[in-house]
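Peer 1: Sequence plus predicted model, see below.
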Amino acid sequence: MNELEIEKNEKRNEKFIQEFKAWLKKQNLSTKTINKHKNNMELYLNNYLPYYESETMEEGTSSVYPFLGDWFIRKCMWSSRSSIKETASSIKKFYKCMNELGYIDKEKYELVAFTIKENMEEFLENLDDYDNGKGIWDYL
């Protein structure tokens with residue numbers, strides 16, 4: 001995406017984020033929890049997808065694995081076992097909301113849920129490896 005497309009995409013994503021916040025509020029979550037989910041999704045939608053995958057929100061359902069399993073671990077200084085789990089939860093909730101609101105189909109949401117469930121242990125192992133000085137190049 002070029003800068004103009006990224007700017008347009010961010011404005012578009014703001015609509016999704018606001019609808020997500022309203023959806024979370026209906027679930028009686030605290031303001032603190034809602035803001036954590038919002039911030040996690042802004043990172044994914046506005047910092048990762050357009051710059052590293054050149055994808056929109058809808059296309060981003062297929063990029064959860066490289067985000068949680070690599071980029072988040074390397075680029076976010078606060079990455080930890082709990083932050084990976086929290087961010088995964090945010091992504092799963094967000095795409096469930098997007099499915100319920102009709103922005104993505106059920107199969108895309110199920111892909112997100114499956115990717116997170118099936119790969120969480122690998123994401124955590126990747127974090128441990130990274131924290132212990134073993135990088136992706138050690139596997140090649």
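Peer 2: Looks like it arrived, so ask away.

Peer 1: Verify the stated contact: residue 119 with residue 69.
Peer 2: Yes. The pair residue 119 and residue 69 passes the contact test of Cβ atoms under 8 Å, sitting 6.5 Å apart. Placement of C-beta: from N, CA and C, glycine included.

Peer 1: Those two - which one has more neighbours?
Peer 2: When residue 119 and residue 69 are compared for neighbours, residue 69 comes out ahead with 20 against 17, by other Cβ atoms under 10 Å.

Peer 1: For that one, which residues are in contact?
Peer 2: Shown in contact with residue 69 (Cβ atoms under 8 Å, 6 or more residues apart in numbering): 119, 122, 123, 126.

Peer 1: now residue 12
Peer 2: Here residue 12 is in contact with 56, 57 (criterion: Cβ under 8 Å, 6+ apart).

Peer 1: before we move on, the earlier item: give the PyMOL command for selecting the buried subset of the contacts of residue 69.
Peer 2: Burial among the contacts of residue 69 is assessed by 16 or more other Cβ atoms under 10 Å; the matching PyMOL selection reads:
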select buried, resi 119+123+126
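
Peer 1: between the contacts of residue 69, which is closest to residue 13?
Peer 2: Nearest to residue 13 out of the contacts of residue 69 is residue 123 (Cβ to Cβ; 23.5 Å).

Peer 1: What is whichever strand or helix holds the closest one packed up against?
Peer 2: Using DSSP states H and E, residue 123 sits within helix 106-131. Applying 3 or more Cβ pairs under 8 Å, 6 or more residues apart in numbering; DSSP states H and E, we find helix 106-131 packed against helix 64-66, helix 72-75, helix 81-100.

Peer 1: so residue 86 makes contact with residue 32?
Peer 2: No. Taking Cβ under 8 Å as the definition, residue 86 is not a contact partner of residue 32, at 12.0 Å.
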